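*Asks:* Pasting the sequence and the predicted model now:
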Amino acid sequence: MVEMLTLRLISSNRRCIIRRSNATAAFAKMTELHRVPQNDTVFVYGNYGEAALWAVIAVVIAVRSRRADAVVRRIGVVAAVAFCAFGVSDVVEASTGAWWRPWSLLVWKAVCVVVFVGLFAGYVRHTRREARKIPPRRQ
């Protein structure tokens, strides 16, 4: 009977069964699918740092939009909420190990990006409309 070697992959909860007699293939398979724990630490802390960055951006947008007109204020509030949601998705990503796994995380991030694009388009349209209302001063 051939002995089997079971490896638990850190990057996922899958198990990989490899025949012990083929040690070089086993090592190649292990190094191909196995992430180095230091990289996991960098990945996790990187995602936490990115989440903090999105939270800071949300606060800056919320504070800056307070003194603007009603349309820009509304855009700013929605943008702040969207950036906070995107930051929370990075915290979830740190625990799942990938931005596409589970599929709901991918949808969550895609919805945030669609909201960002829509808000940016609305802001540009609003500022162009406002620029047409007030003609520039001649000196």
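*Replies:* Thanks, I have it.

*Asks:* Can you pull the domain assignment for this structure?
*Replies:* 4-33, 37-133 (automatic domain parsing).

*Asks:* Please, where are all the strands along this structure?
*Replies:* All strands of the chain, identified by DSSP state E, fall at 4-8, 15-19.

*Asks:* where among the ones you listed is the average confidence lowest?
*Replies:* For the strands of the chain, the bottom mean pLDDT is recorded on strand 4-8, which sits at a mean of 44.

*Asks:* Rank the helices and strands of this protein by mean pLDDT and give me the bottom one.
*Replies:* Sorting the helices and strands of the chain by mean pLDDT, DSSP states H and E puts strand 4-8 at the bottom, at a mean of 44.

*Asks:* for this protein, what's the longest helix?
*Replies:* Ranked by number of residues, the top helix in the chain under DSSP state H is helix 103-133.

*Asks:* Trp99 is in contact with Glu93, isn't it?
*Replies:* Yes - using CB atoms under 8 Å, Trp99 is in contact with Glu93, at 5.2 Å. Where C-beta positions appear, they are placed from N, C-alpha and C, glycine not excepted.

*Asks:* got any residues that touch both of those two?
*Replies:* Contact criterion CB atoms under 8 Å, 6 or more residues apart in numbering; residues shared by Trp99 and Glu93: Leu105.

*Asks:* returning to what we had before: in the longest helix of the chain, which residues are buried?
*Replies:* Going by neighbour count (16 or more other CB atoms under 10 Å), the buried part of helix 103-133 is 105, 108-109, 112, 115, 119, 122-123, 126.

*Asks:* Quick one: low-confidence residue ranges for the chain.
*Replies:* Applying pLDDT under 70 to the chain picks out residues 1-39, 134-136, 139.

*Asks:* burial measure for Ala55, as a count.
*Replies:* 17 (other CB atoms under 10 Å).

*Asks:* what's the answer for Ala98, then?
*Replies:* 12.

*Asks:* what's around Ser89, how many residues?
*Replies:* 22.

*Asks:* Correct me if wrong: it contacts Leu105.
*Replies:* Yes - using CB under 8 Å, Ser89 is in contact with Leu105, at 6.3 Å.
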